[in-house]
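# Here's a sequence, model it:
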Amino acid sequence: MSFSSLPFLVFILLFFPLYFGTKGRVRTWVCLLSSYVFYGWWDWRFLSLIIFSTVMDWWFGLWLSYLDRPEETRRSWENGSPVLQQFGDVTQWVAGIGLKPKSVLLLSMAMNLGFLGFFKYFNFFADGLAALVSSLGMTPSWTTLNIILPVGISFYTFQSMSYTIDVYRKEIPWEPSLLKFATFIALFPQLVAGPIVRAADFLHQMNEDKRFNWLRWHSGMGRVLWGFFKKIAIADSLAPFVEQCFQAPETFGSMHLLLGVVFYSFQIYCDFSGYSDIAIGLARMMGYDFPENFRTPYFSRSFSEFWTRWHISLSSWLRDYLYIPLGGNRGGKWATYRNNMLTMLLGGLWHGANIAFIFWGFLHGLYLILQRTIAPVWRHLVSTLRLPGMLSGGLEMATVYALTLLAWVYFRSGSVGLAGGDSFGTANAVLSGVFSGEGFHFGAVINKFQVIKGMFLIGILLTVEISNIWFHWNQLQVERPWVRVGLFSILAWLLAFLGSFGANTFIYFQF
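Residues are numbered from 1 along each chain as shown. Prediction:
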């Protein structure tokens, strides 16, 4: 079920009365069952996978907590816990095997990554092996399975993995309630495309019933409307122009393709951050706080800053559970470079089984390495030439954005590869057309109305994001009703007149 679909409107109108009309375990069951309806709307068969993954990681958390206790205290712990009294024989059996907590954690990670790898990468490696065998003059005799990627598997797998890792690190306690844990994993606002919510940030919020609060309702509604505007009015309006550029780049001039690349950078930003805004807003209306996932990333002055502003829940997950365990920046210059590159390569691989995604990760890893190398030289140059802060900052933003555009070409082409196309061929054709200089004038641009509309919408976005630095629009509309009425009315009219209601799905559903 997509946020931008009619069934979701019906779903949410039924959900909120049930949610605020119940309390305690009944409300938790309402959240869980509603979330399963939301997720199963695409394909009910996917529910078996998320339920199995949930129960599996809940058990791993139990085993980690049990094995980590001294043997003499385990029995008293069991006697004081109704849950453990039910499963005491199982936990004792696990303890009798002789597994250590680290072994249990590795088993948990292997199973989670095994499921994720099978569904996301089986076809990629099977097709690659078939191509290799064919190149040697042999005919592969097996049939490649057509693996359908369960929606949101990357997000809820990382979410449940962070729980078991944090339990192992003793940063959070084991969650005794399977019902609460299952609701945490499946809660519908963030289930399909994030943000990736960690147990340490969320489970404690479920310890008390959330009362209906008008201030949170208004704040959440404002966030939801802004998210719909970014998705339906901006991202979906830019999508047709971007699609034609990447479908047949050889037919367009340099200016047309450059606009297509720029439009894609705003399409994916508004599409993904729009989803995050809707998810955060819905959670706020329910009484929960989700972490921010985007903070004006295209205003970044460095790539390390960019990754603290773009898809924050994923980049911080990779930092805390991959980059820092690898050694972070503690092992010297070359070890830091290696860790940067490995983290970004795996970040690219997380997005899908396509070499273009891996190359996108490679480019960002290279950017982070070059940044560390060039930054001292740049600072010395700025100091020597006495460049004004606004000028040097503007040059840094422009450089980061331009190199980000280059990487986005390969990322967008990776989506072509997922559909069976030549991702690298598409990316190279687009870049060749951009740098050819042929038709580098507005007169050579086709579909000028789409371009003007797109530039107007991007202008609205940038105006709001820049002015938000001073006005804090969402907070202002909560405090002043006349501002709220005005902003909500403007967003509603803009959605009605400028929105593209072609039922375009969210880009990150494929990941």
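# from here on, contacts and neighbour counts on C-alpha atoms
Fine.
# Torsion angles phi and psi at Lys23?
Main-chain torsions, Lys23, degrees, to the nearest 10: phi -140, psi 160.
# and it, how far is that from Arg216?
Distance of Lys23 to Arg216, given as C-alpha to C-alpha, to the nearest Å: 19 Å.
# before we move on, what about Pro176?
For Pro176, the distance to Arg216 - C-alpha to C-alpha - is 29 Å.
# Please apply the same query to Tyr275.
Tyr275 sits at a distance of 19 Å from Arg216 (criterion: C-alpha to C-alpha).
# what does Phe362 give?
Distance, Phe362 to Arg216, by C-alpha to C-alpha: 41 Å.
# These two: who's more crowded?
Phe362 (22 against 19; other C-alpha atoms under 10 Å).
# Which of the helices or strands spans that one?
helix 355-385 (DSSP states H and E).
# now do Phe440
Counting by DSSP H and E, Phe440 is part of no helix or strand.
# Kindly list the main-chain dihedrals of it?
phi -90, psi 60.
# give the contact list for it.
Contact analysis of Phe440 by C-alpha atoms under 8 Å, 6 or more residues apart in numbering lists 253-256.
# Neighbour-wise, which one of those leads?
Result: His256 is most packed of these (other C-alpha under 10 Å), 27 neighbours.
# next helix or strand past the one helix or strand that residue maps to?
Using DSSP H and E, the element containing His256 is helix 254-286. Using DSSP H and E, the helix or strand that follows helix 254-286 in sequence is helix 303-306.
# Heading C-terminal from that next one, find the next helix or strand.
In N-to-C order, the element after helix 303-306 by DSSP H and E is helix 312-318.
# gap between stretch 483-491 and the chain center?
29 Å (C-alpha atoms, centre = their mean, to the nearest Å).
# Which of the residues in that stretch are classified as buried?
484, 487-488, 491 (16 or more other C-alpha atoms under 10 Å).
# hmm, who's touching it?
222, 225-226, 229, 476-478.
# if I look at the residue nearest to Ser300 when sequence neighbours are not counted, how far off is Tyr367?
Nearest non-adjacent residue to Ser300, counting by C-alpha to C-alpha, 6 or more residues apart in numbering: Phe306, 5.2 Å away. Note on Phe306: its distance to Tyr367, by C-alpha to C-alpha, is 11 Å.
# Can you report how many residues neighbour Thr384?
Neighbour tally, Thr384, other C-alpha under 10 Å: 9.
# pLDDT value on it, please?
Here the pLDDT value assigned to Thr384 is 85.
# Can you tell me how far Phe155 is from Arg338?
Remark: distance between Phe155 and Arg338 (C-alpha to C-alpha) = 25 Å.
# So between these two, which is more surrounded?
Phe155 (22 against 17).
# Three-state assignment for the more buried one, please.
Per DSSP: H, G, I helix; E, B strand; the rest coil, the secondary structure class of Phe155 is helix.
# Touching, it and Ala186? I think so.
No: contact criterion C-alpha atoms under 8 Å: Phe155 and Ala186 do not qualify, at 10.4 Å.
# measure Tyr401 to Phe303 for me?
9 Å.
# before we move on, what about Pro17?
44 Å.
# more crowded one of the two?
Phe303 (25 against 10).
# How about the contacts made by the more buried one?
By C-alpha under 8 Å, 6+ apart, the contact set of Phe303 is 364, 367-368, 371, 400.
# Trp482 is in what secondary structure piece?
helix 481-498.
# For that helix, C-alpha coordinates in PDB please.
Backbone C-alpha positions of helix 481-498 (Å, rounded to 0.1, in the frame of the first residue of the first chain) are rendered in PDB as follows:
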ATOM      1  CA  PRO A 481      -3.200  29.100  13.900                       C
ATOM      2  CA  TRP A 482      -3.400  31.800  11.100                       C
ATOM      3  CA  VAL A 483       0.000  30.600   9.800                       C
ATOM      4  CA  ARG A 484      -1.200  27.000   9.900                       C
ATOM      5  CA  VAL A 485      -4.400  27.800   7.900                       C
ATOM      6  CA  GLY A 486      -2.500  29.800   5.400                       C
ATOM      7  CA  LEU A 487       0.300  27.200   4.800                       C
ATOM      8  CA  PHE A 488      -2.100  24.200   4.700                       C
ATOM      9  CA  SER A 489      -4.300  26.100   2.200                       C
ATOM     10  CA  ILE A 490      -1.400  27.000   0.000                       C
ATOM     11  CA  LEU A 491       0.000  23.400   0.000                       C
ATOM     12  CA  ALA A 492      -3.500  22.000  -0.800                       C
ATOM     13  CA  TRP A 493      -3.900  24.400  -3.800                       C
ATOM     14  CA  LEU A 494      -0.400  23.700  -5.000                       C
ATOM     15  CA  LEU A 495      -1.000  20.000  -4.800                       C
ATOM     16  CA  ALA A 496      -4.300  20.300  -6.700                       C
ATOM     17  CA  PHE A 497      -2.900  22.500  -9.500                       C
ATOM     18  CA  LEU A 498       0.700  21.300  -9.800                       C
END
